[in-house]
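Have a look at this fold, sequence not included:
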């Protein structure tokens, strides 16, 4: 699958409190409303200005903190096609796969705000159409590819009726 | 093959030896949800037509993050948890019962268990020798309905502790120091295992504080061997029968090791906005405080309240510094009342609240104003954590927090010990 969109640059250590702030705790049962505040504490303009298909491009340890699965869910619901980061926190990474949000680990340091990117999930390549550079990312662990290919953990269970990893 | 604690517990569940990196599907002994993550979990089970709990007496739904409910949306979320418990026989932990991780170690988690919870600080139960880890709502939902989950067997970092804490230095200072040294991603995907003579000497309360914050270094769990201290703790909870001794093999293979001499540690503080942004309390001293918060799953136990009350007794908080004290559970609250600690706090100018998580997670009960500074005994100081992205949070031990509340600014608590 080829994903296309613009890059939104975030720094190191973006926490789940940046992504889904606790002050919107009451919106956790209303994800479309919560998604209007996605990443608000890291970039207040992101939710209103991003276009469906755009990428979140970050530094180290993206998604650290809480286990709130609402965080990857609202990133996906906002229309982000994938998160690219130098590294991810463990629970966020697993949650992303479970909800069907591609999370790609690669050196993002050469990508700039607004760059047009094309991501080839199968080939493991990120083409920066603005700079002309091609970057590669490490393939996901096989167990996660199975869950992601099924469309997330709920769909995996709907299809197989059990873990089929 | 010699095994670490994590490998040993997983191997006992899957019935064969395991190695780091391999993927296993394993049985789950305890599964927990809370009011922030539970409703989404139940929604996933509803979608799968799997609204059931295969092990209802070890499936616990905690109402603690917004307890009592500050708004109708959350009241409705709470209703969904109560309805599921009523329909399946799962355990409901009501608003008065306490913070999930404190309640798990008091009543549910046991040595050798695999515990999964839709809350990142589920690793707290690792202090009892349980492989306890935080996951998302969907993972825990599947665990509740099927009794199973998948795990990648983690590598283990051994943290070898020698020596004992000096005056005014506590377990919180040790874990803040460790996270400052290895970083907020220093143990990502790993199990942390704490051992050595310094650990053997620690109380269960110390071990719980340390295990609680394993995730702040990115770890999957923070494990301690189950020894006579664990046995005594379980006996105190009326659960002597749940004890079993569990220890790593002496020649187990650790991917990383880290040594700490507890006797060399000094009071530590995490400065805004990351837990690994640690400095000594002395280095942070002088920072004016608008609020001090003592409680949470990290430091809301009776031992913590005794230390804080011991410092505050007969003194007054600084007039410009609000002080909030939140016992970690109903049991802690009752003990603190019986020992007169709640009166000590109130007389010192504190507001003592009912048990719960609301202030730490920024839901209600202690939200900060723009530009305000709080010193808290919790585990996180991320931007926005206490409900306001324009506020600043420092983390410390209960002793540092109590002494700082009197001073109205961050101080090294050893200044108050004489």
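Received the coordinates, thanks. Bear in mind the structure is a predicted one, so any value in this text is a computation, not a measurement. Numbers count the residues shown, from 1 in each chain, chains lettered A, B, ... in the order given.

touching chain A at all, stretch B:263-275?
Yes - contact of stretch B:263-275 with chain A (Cβ under 8 Å from any Cβ of the partner chain) involves residue B:274. (Each C-beta comes from the backbone N, C-alpha and C, glycine too.)

Distance across that stretch, terminal residue to terminal residue?
22 Å (Cα to Cα, to the nearest Å).

Report the distance from that stretch to the chain centre.
Relative to its chain's centre, stretch B:263-275 lies at 17 Å (Cα atoms, centre = their mean, to the nearest Å).

What residues of it count as buried?
Buried residues in stretch B:263-275, counted by 16 or more other Cβ atoms under 10 Å in any protein chain shown: B:265, B:267-275.

Restricted to strands, list the residues you listed.
Per DSSP state E, strands hold the following members of those: B:268-270.

Sketch out the low-pLDDT regions of chain A for me.
Of all residues in chain A, none has pLDDT under 70.

Can you list the residue ranges for strands in the stretch 101-250 of chain B?
Listed from the start of the chain, the stretch 101-250 of chain B has strands (DSSP state E, counting those that start in this stretch) covering B:114-117, B:131-134, B:148-152, B:156-162, B:191-195, B:221-224.

Apologies, that question was intended for chain A.
Using DSSP E, strands in chain A cover A:2-9, A:55-58, A:82-85, A:103-105, A:116-120, A:125-128, A:134-136.

In terms of secondary structure, what does the helix or strand harbouring residue B:346 contact?
Element membership of residue B:346, judged by DSSP states H and E, is helix B:341-347. Helices and strands touching helix B:341-347, by 3 or more Cβ pairs under 8 Å, 6 or more residues apart in numbering or on different chains; DSSP states H and E, are helix B:302-312, strand B:322-326, strand B:351-352.

got the residues of the stretch 301-418 of chain B near chain A?
Residues of the stretch 301-418 of chain B found near chain A (Cβ under 8 Å from any Cβ) are B:361-363, B:367, B:380, B:382-389.

related to what we said a few turns ago, just the buried positions in the helix holding residue B:346, please.
Neighbour counts over helix B:341-347 (16+ other Cβ under 10 Å) mark B:341-342, B:344-345 as buried.

cool, and stretch B:294-313?
The neighbour-count check on stretch B:294-313 (16+ other Cβ under 10 Å) flags B:294-309, B:311-312 as buried.

what do you get for stretch B:52-67?
Neighbour-count burial for stretch B:52-67 [16+ other Cβ under 10 Å]: B:52-55, B:58-67.

again, but for stretch B:366-382
For stretch B:366-382, the neighbour count (16+ other Cβ under 10 Å) marks B:366-368, B:372-382 as buried.

one step back: got JSON lines for the ones in strands among the buried residues of stretch B:263-275, with pLDDT and distance to residue B:141 too?
Shown next, in JSON lines, are those (pLDDT from 0 to 100; distance: Cβ to Cβ, whole Å):
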{"residue": "B:268", "pLDDT": "98", "distance to residue B:141": "37"}
{"residue": "B:269", "pLDDT": "98", "distance to residue B:141": "38"}
{"residue": "B:270", "pLDDT": "98", "distance to residue B:141": "33"}
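
Closest one to residue B:31 out of those, please.
residue B:270 (30.6 Å; Cβ to Cβ).

Quick check: nearest residue in space to the closest one, chain neighbours excluded?
Closest residue to residue B:270 apart from its sequence neighbours, by Cβ to Cβ, 6 or more residues apart in numbering or on different chains: residue B:395 at 4.0 Å.

List phi and psi for that neighbour.
The phi and psi values for residue B:395, taken as degrees, to the nearest 10, are phi -120, psi 140.

count of neighbours near it?
Residue B:395: 30 surrounding residues under other Cβ atoms under 10 Å in any protein chain shown.

The one 5 residues further on now?
Using other Cβ under 10 Å, the number of residues around residue B:400 comes to 35.

which residues does it contact?
Taking Cβ atoms under 8 Å, 6 or more residues apart in numbering or on different chains, we find residue B:400 in contact with B:267, B:269, B:281, B:375, B:410-413.

Equivalent analysis for residue B:190, please.
Residues in contact with residue B:190 (Cβ under 8 Å, 6+ apart) are B:154-157, B:218-220, B:255-256.

elements contacting the longest helix along chain A?
Scanning chain A for the longest helix, with DSSP state H as the assignment, gives helix A:90-99. Under the contact criterion of 3+ Cβ pairs under 8 Å, 6+ apart, helix A:90-99 touches helix A:70-77, strand A:103-105, helix A:142-149, helix A:153-160, helix B:137-146.

Point out the most buried one among the ones you listed.
helix B:137-146 (a mean of 28; mean count of other Cβ atoms under 10 Å in any protein chain shown).

re the thing from before, can you tell me the average pLDDT over the helix holding residue B:346?
Mean per-residue pLDDT for helix B:341-347: 98.

Can you classify the residue of chain B most remote from its centre as helix, strand or coil?
Most distant from the centre of chain B: residue B:49, at 33.0 Å, with distances by Cα atoms, centre = their mean. Following DSSP: H, G, I helix; E, B strand; the rest coil, the label given to residue B:49 is coil.

quick one, phi/psi of it?
Dihedral angles for residue B:49 - degrees, to the nearest 10 - are phi 50, psi 40.

so what's it scoring on pLDDT?
96.

Report the separation between it and chain A.
In this view, residue B:49 and chain A are 9 Å apart by Cβ to the nearest Cβ, to the nearest Å.

Same question for residue B:217.
Distance from residue B:217 to chain A, by Cβ to the nearest Cβ: 10 Å.

Could you pull up the residues touching that residue?
B:178-179, B:182-188, B:192, B:276.

which one among those residues gets closest to chain A?
residue B:185 (4.2 Å; Cβ to the nearest Cβ).

Just give the number of residues close to that closest one.
The number of residues packed near residue B:185 is 22, by other Cβ under 10 Å.

my guess is it contacts residue A:61, does it?
Yes - with contact defined as Cβ atoms under 8 Å, residue B:185 reaches residue A:61; the gap is 4.2 Å.

Touching both of these two, which residues are there?
Shared contacts of residue B:185 and residue A:61, counting by Cβ under 8 Å, 6+ apart, come down to A:87, A:89, B:218.

can you redo those as CSV with distance to residue B:210 and neighbour count?
CSV is the format used below for the shared contacts of residue B:185 and residue A:61 (distance: Cβ to Cβ, whole Å; neighbours: other Cβ atoms under 10 Å in any protein chain shown):
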residue, distance to residue B:210, neighbour count
A:87, 24, 18
A:89, 20, 28
B:218, 15, 25
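
one step back: any residues touching the helix holding residue B:346, and which ones?
B:305-306, B:308-309, B:312-313, B:323, B:325, B:333, B:336, B:352.

go again using 7 Å as the cut-off
Outside helix B:341-347, the residues that touch it by Cβ atoms under 7 Å, 6 or more residues apart in numbering or on different chains are B:305-306, B:309, B:312-313, B:325, B:336, B:352.

Who are the contact partners of residue B:186?
For residue B:186, the contact set (Cβ under 7 Å, 6+ apart) comprises B:217-218.

Revised request: answer the last question for residue B:54.
Counted by Cβ under 7 Å, 6+ apart, residue B:54 has contacts B:145-147.

of all the strands of the stretch 101-250 of chain B, which lies closest to residue B:286?
Set against residue B:286 and scored by Cβ to Cβ, these come closest in strand B:156-162, at 30.6 Å.

okay, the angle between the closest one and strand B:191-195?
On the basis of axes from the mean of the first three to the mean of the last three Cα atoms, to 10 degrees, strand B:156-162 is oriented at 20 degrees to strand B:191-195.

what residues does strand B:156-162 touch?
Residues from elsewhere that reach strand B:156-162 (Cβ under 7 Å, 6+ apart): B:4, B:6, B:178, B:187, B:190-199, B:254-262.
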